[in-house]
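> need a 3D model of the sequence below.
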Amino acid sequence: MKEENIKNFEEANCECHIDECTCEPIAENQNKKADEIDWKDQALRALAEIQNIKHRSQIEIEKQSASKTKSFAKDIISILDSYDYAFRALENLKQSEELQSTITGFKSIYNSFLEILKKHNIRKIEAQGQEFNPMYHNAIMFQKGKNNIVITEAEAGYMMGSEVLREASVIVGKE
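Sure, this is the predicted structure:
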């Protein structure tokens, strides 16, 4: 009988101190352990959800930033187009030394714009002399020349990273 009482004492989750012993029924002890496991599981799931929310928020912030950068870049590109048109128009004029100096200053400003864009991973698409590629070039005209080679770049194209912001408008050779 003593051995059975000892076994029951251990299974019943009993604790004894100097003057007293307390015992919890086996079922109550198991319920507490199950509750503890449930609470731990819920806590782990809540932590995982918080990490997922942080990750999704970071991705959304990066997308918004890229979108704003893209919009800003397109605005700057239109200014660079104006410079390109002006430089082409000035090439055909007789230029005094003073005018040549002014043009050099404007080209310096133009190059500064390009460097700023480059810092933000925005670059010009090389078109002149390249094989025509509809992913990067928009053919506006065909002229006699080497087949499928860009003869003239009418308007520069730009990329941000691997994304095309605007295709280069080009004149393509046709034999």
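> what's the burial count for residue 127?
25 (other CB atoms under 10 Å). Glycine gets a C-beta too; all of them are placed from N, C-alpha and C.
> what's the answer for residue 89, then?
9.
> what's the spacing between it and residue 103?
Distance of residue 89 to residue 103, computed by CB to CB, to the nearest Å: 11 Å.
> tell me if residue 140 really is in a strand.
Yes. Counting by DSSP: H, G, I helix; E, B strand; the rest coil, residue 140 is found in a strand.
> need the pLDDT of it.
Predicted confidence (pLDDT) for residue 140: 95.
> can you count the residues close to it?
So residue 140, with other CB under 10 Å, has 13 neighbours.
> check contacts around it.
Residue 140 is in contact with 154, 169, 170, 171, counting by CB atoms under 8 Å, 6 or more residues apart in numbering.
> now do residue 95
Neighbours of residue 95 in contact, by CB under 8 Å, 6+ apart: residue 103.
> pretty sure it is in a strand, no?
No. Assigned with three-state DSSP, residue 95 falls outside any strand and is coil.
> quick one, phi/psi of it?
Main-chain dihedrals, residue 95, degrees, to the nearest 10: phi -120, psi 130.
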